[in-house]
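Peer 1: here are the coordinates; sequence isn't available:
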Ligand SMILES: [Zn+2]
């Protein structure tokens with residue numbers, strides 16, 4: 001499986017980061033899954049060389065916050081032009097919000113191009129050769145972390161938005177790659193709990209406790225990549241890969 005990082009910012013961060021969005025390409029190149037289509041995702045797909053929407057089989061939405069779903073109306077409009085149908089997978093409330101957004105923005109007949117598939121913690125899906133499972137994380141709205149396994153090979157976990165979570169450590173155990181949010185460089189743990197977000201050291205801690213070999217910090221907040229690098233202090237054995245637009249990793 002190949003992972004492509006389309007963007008790595010949060011809702012409010014340096015606009016050049018884009019919003020955190022991933023593309024997963026199966027071994028045979030046949031199954032493409034898009035995760036968290038934030039604003040400008042169609043442009044980002046083109047920028048990274050994956051502009052052919054007909055390749056996308058499923059879009060996974062982790063929760064209903066705008067930086068995770070606001071790119072969908074544009075994807076659906078384009079899918080209508082291409083006569084392409086895809087599945088959108090996510091928590092029930094996020095799919096309800098998505099319908100409201102499609103209606104509010106005048107995207108007609110969207111049901112012809114979308115299959116909406118609600119999932120929650122414990123659900124398992126097989127999409128081509130990829131097995132996808134979900135975990136509820138502590139955030140301000142229902143939000144799911146996603147684990148993707150590829151035919152007995154290495155797996156990855158994407159935390160989406162979350163405060164530090166022991167359940168997420170267990171969910172990530174045995175996976176080579178963890179993409180974990182870092183909304184804050186450092187903050188009071190009580191505040192983080194209330195806001196449902198993590199710091200740089202939370203992300204490192206989850207990766208280390210789960211035994212993941214590689215951490216990519218994503219969902220950066222209102223700080224620079226240089227400042228982030230100063231706050232990431234992994235122990236030996238954990239490799240931190242700094243996020244970049246269109247970064248590709250093979251698992
Ligand atoms: Zn959020």
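Peer 2: Yep, that arrived. Quick caveat, the model's predicted, so the values are computed rather than measured.
Peer 1: show me the strands in the chain, by range?
Peer 2: For the chain, strands defined by DSSP state E occupy the ranges 2-7, 21-25, 32-35, 56-60, 86-90, 114-118, 124-127, 130-137, 143-150, 156-158, 177-181, 214-218, 239-240, 247-250.
Peer 1: let me have those strands in a markdown table, extended by mean pLDDT and distance to the ion.
Peer 2: Any C-beta I mention is one placed from the backbone N, CA and C, and that applies to glycine too. Shown next, in a markdown table, are the strands of the chain (pLDDT from 0 to 100; distance: least, CB to the ion, whole Å):
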| stretch | mean pLDDT | distance to the ion |
| --- | --- | --- |
| strand 2-7 | 96 | 15 |
| strand 21-25 | 96 | 13 |
| strand 32-35 | 96 | 14 |
| strand 56-60 | 96 | 15 |
| strand 86-90 | 97 | 13 |
| strand 114-118 | 96 | 18 |
| strand 124-127 | 93 | 22 |
| strand 130-137 | 96 | 10 |
| strand 143-150 | 96 | 6 |
| strand 156-158 | 98 | 13 |
| strand 177-181 | 98 | 9 |
| strand 214-218 | 98 | 12 |
| strand 239-240 | 96 | 23 |
| strand 247-250 | 95 | 22 |
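Peer 1: dump those to a markdown table, plus mean neighbour count and distance to residue 208.
Peer 2: Conversion of these to a markdown table gives the following (neighbours: other CB atoms under 10 Å; distance: least, CB to CB, whole Å):
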| stretch | mean neighbour count | distance to residue 208 |
| --- | --- | --- |
| strand 2-7 | 23 | 21 |
| strand 21-25 | 23 | 22 |
| strand 32-35 | 25 | 24 |
| strand 56-60 | 22 | 26 |
| strand 86-90 | 23 | 29 |
| strand 114-118 | 16 | 34 |
| strand 124-127 | 14 | 27 |
| strand 130-137 | 20 | 18 |
| strand 143-150 | 24 | 17 |
| strand 156-158 | 26 | 14 |
| strand 177-181 | 27 | 10 |
| strand 214-218 | 24 | 9 |
| strand 239-240 | 16 | 11 |
| strand 247-250 | 14 | 19 |
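Peer 1: same list (these) but as TSV, adding distance to residue 197.
Peer 2: Listed next are the strands of the chain as TSV, based on distance: least, CB to CB, whole Å:
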stretch	distance to residue 197
strand 2-7	18
strand 21-25	18
strand 32-35	18
strand 56-60	20
strand 86-90	20
strand 114-118	25
strand 124-127	27
strand 130-137	10
strand 143-150	11
strand 156-158	15
strand 177-181	7
strand 214-218	12
strand 239-240	19
strand 247-250	22
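Peer 1: contacting residues for whatever residue of the stretch 1-150 of the chain ends up closest to the ion?
Peer 2: Proximity of the stretch 1-150 of the chain to the ion (CB to the ion) peaks at residue 65, 3.5 Å away. Going by CB atoms under 8 Å, 6 or more residues apart in numbering, residue 65 touches 11, 141, 161.
Peer 1: out of the residues you listed, which sit inside helices?
Peer 2: Using DSSP state H, no member of the contacts of residue 65 falls within helices.
Peer 1: out of these, who's the most crowded?
Peer 2: residue 161 (28 neighbours; other CB atoms under 10 Å).
Peer 1: for that one, grab phi and psi.
Peer 2: Backbone torsions for residue 161, taken as degrees, to the nearest 10, come to phi -80, psi 130.
Peer 1: look at it and report its pLDDT.
Peer 2: With respect to pLDDT, residue 161 scores 97.
Peer 1: what's the local residue count around the closest residue to it other than its chain neighbours?
Peer 2: Once flanking residues are discounted, residue 161 sits nearest to residue 139: 4.7 Å by CB to CB, 6 or more residues apart in numbering. For residue 139, the neighbour count with other CB under 10 Å is 22.
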